[in-house]
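Undergrad: Just need the structure, nothing else, for what follows:
(one chain, ligands or ions: 1)
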Amino acid sequence: MRDAPPQTTNTHWSEDILETDGPIDKTQGNLPPDLVGILYRNGPAKNKLANHLFDGDGALRAVRFAPDGTASYQCRYVQTPKYSREQTSTKPLVRGFGTQPPGGILRNAMRGSPNQANASNTSVMFSNGRLLTLWEMGLPWELDPDTLETLGEMSFDGALSSRSTFSAHPRNDPVTQETYNFGMSYGPRNRIDTYRIDRNGRLFPLARTPVPVSVMNHDFALTSKWAVFLLGPVIFNPVPLLTGKAPFGKAMTWKGDHPTTILLIPREGGKAIVFETDPWFQFHIAGAFDDQNEIVVDFCRYPEYTNIDNALTSFRSIEDDYVLDATLWRCRISPTRRTLQSTQICPIPMEFPHMDTRFATQAQHFIYGSFSTDVSPSSFGSAIGRVNTDTGKTDLWDFGPACATSEPIFVPRKEKTTSDKIENEDGWLLAFVYNHIEHATDLVVLDAARLENGTVWVGRLPHHAGMTFHGVWRPHA
Ligand SMILES: [Fe+2]
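TA: The predicted structure follows:
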């Protein structure tokens, strides 16, 4: 286990991101007149002390699209205790997901808590008008949506305790206007806590469900009836963590001879259904829906976990030696027969799937994502793409081997209600595109239905935005 941060070789992944405000200089096209609102994106931004990409302190990047056709950028760090403690340090002081302070086992044994390690760097959500940054092993942090000032840790008015965990992938049901989420809990009894948040932002515990194996899990699926967990065999061994030999993430090991566990929790309460299937790993689920008596889940499936884990640990050189091996799959789950059948939808490697969130929990035709193509196979996705889930047809716009794309956020061209016929390709895709050669980040806008036409608008951020994991669009009120 390394005590000191490794040498930096890739500025995209390792250079600290500046807190800055400024206009975005247009380099191509005109902004669509109906694209008015704010794109918020979160990701690790202060990474010099981190030995794992997941340990970089979070910073919220906001892009504001004004009615006059201009756009501006703002970036602010989330002022967590971890960020404050380490702000001027030259070595890590906090035991994180994959990072240990120097001092070996004497320094690290029995030390570390989620509160101290919370980098709030993974995702962002709105709950009843409150802007929250998320990190899966701790509580959300609340920021001012206008100034990005950190307002404090957020417990949903005491509904979550200081020991609660709240994942970075809450799922909204636009039909009921409820949001569901979960938290993983490890200990003598491993469990998943699920939560329901009503339309007024009040959080209620849904279930406390034991899990038969202590696995790492990042995301879940929500249908009209079910909370669905696909628990791949990345299994936690507490001994290295407790004895100080390894941080949490390195106490997780891929066990390819173990099954993936399927856990189905009824939204309306009742006993969970648990069964096993062939092993795989996924970080991200694109979407899910009920299809009569079956559950359909689309997700980015890795054949195993070790490859991506090594890449995230050696993130400073990730562009040199990593080939993304996740592809889009669909599984059909029968809760009554306790069976799962899966098929690959698209063979092109992809991550960061996104869909039209107005129709979450319903069947949709299109999944958007960041794709790794033959143009730049050793990169984390040089293309933005769209997959037709019915046919597998995939449309791509590739930015070239110098570029790394972010998760594309779908923004509908015009508001529709859930009662409208689903024609959910009618909108824009917003993404950050980092250019390694120019060491700069562009904000790009593409027509979601016409990716082959390329970018509709491109603007250059006043400072490169580094790696961002997830974002949310807030339309102009
Ligand atoms: Fe994620």
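Undergrad: For the rest of this, base every contact and every neighbour count on C-alpha atoms.
TA: OK.
Undergrad: okay, now the nearest residue to residue 347 once chain neighbours are set aside: neighbour count?
TA: When the adjacent residues along the chain are set aside, residue 347 lies closest to residue 327, with 5.9 Å between them (CA to CA, 6 or more residues apart in numbering). Neighbours of residue 327 under the rule other CA atoms under 10 Å: 21.
Undergrad: Surely residue 327 touches residue 349?
TA: Yes - with contact taken as CA atoms under 8 Å, residue 327 and residue 349 are classed as touching, separated by 4.6 Å.
Undergrad: Count the neighbours of residue 187 for me.
TA: Taking other CA under 10 Å as the neighbour definition, residue 187 ends up with a count of 8.
Undergrad: Make 488 the starting number, not 1.
TA: OK, 488 is where the count begins now, so the last one is residue 674.
Undergrad: mind listing the helices for the stretch 638-787 of the chain?
TA: Shown for the stretch 638-787 of the chain, the helices assigned by DSSP state H, counting those that start in this stretch span residues 725-729.
Undergrad: Repeat that for the stretch 788-937 of the chain.
TA: With helices called from DSSP H, counting those that start in this stretch, the stretch 788-937 of the chain shows them at 793-800, 805-808.
Undergrad: With respect to the ones you listed, which exhibits the lowest mean confidence?
TA: Ranked by mean pLDDT, the helices of the stretch 788-937 of the chain bottom out at helix 805-808, with a mean of 59.
Undergrad: for the protein, what helix or strand is lowest in average pLDDT?
TA: When the helices and strands of the chain are compared on mean pLDDT, DSSP states H and E, helix 805-808 comes out lowest with a mean of 59.
Undergrad: what's the distance between the residue lying closest to residue 818 once chain neighbours are set aside and residue 706?
TA: The shortest distance from residue 818 to any non-neighbouring residue, by CA to CA, 6+ apart, is to residue 829 (4.0 Å). Distance, residue 829 to residue 706, by CA to CA, to the nearest Å: 18 Å.
Undergrad: neighbour-wise, which of the two wins?
TA: Here residue 829 and residue 706 are set side by side on neighbour count (other CA under 10 Å), and the busier one is residue 706, at 24 against 14.
Undergrad: Next, give phi and psi for that one.
TA: Main-chain torsions, residue 706, degrees, to the nearest 10: phi -150, psi 170.
Undergrad: Could you tell me what pLDDT the model assigned to it?
TA: We have a pLDDT of 98 for residue 706.
Undergrad: next one: residue 845
TA: 92.
Undergrad: so it sits right up against residue 661, yeah?
TA: Yes - with contacts counted by CA under 8 Å, residue 845 reaches residue 661, the gap being 6.0 Å.
Undergrad: could you point out where this structure is predicted with low confidence?
TA: Low-confidence segments of the chain (pLDDT under 70): 488-500, 593-602, 804-808, 864-866, 902-911, 964.
Undergrad: give me that answer again for 50
TA: 488-496 (pLDDT under 50).
Undergrad: which residues touch the residue lying closest to residue 687 once chain neighbours are set aside?
TA: Nearest in space to residue 687, with sequence neighbours left out and distances taken as CA to CA, 6+ apart, is residue 615 at 5.7 Å. Contact partners of residue 615, counting by CA atoms under 8 Å, 6 or more residues apart in numbering, are 686, 687, 688.
Undergrad: Most neighbours out of the residues you listed, which is it?
TA: When neighbours are taken as other CA under 10 Å, the top entry among these is residue 688 (17 neighbours).
Undergrad: Now for that residue: which residues touch it?
TA: Listed by CA under 8 Å, 6+ apart, the contact set of residue 688 reads 614, 615, 643.
Undergrad: Need the residues you listed in JSON lines (columns: distance to residue 802).
TA: As requested, the contacts of residue 688 are exported to JSON lines (distance: CA to CA, whole Å):
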{"residue": "614", "distance to residue 802": "32"}
{"residue": "615", "distance to residue 802": "36"}
{"residue": "643", "distance to residue 802": "34"}
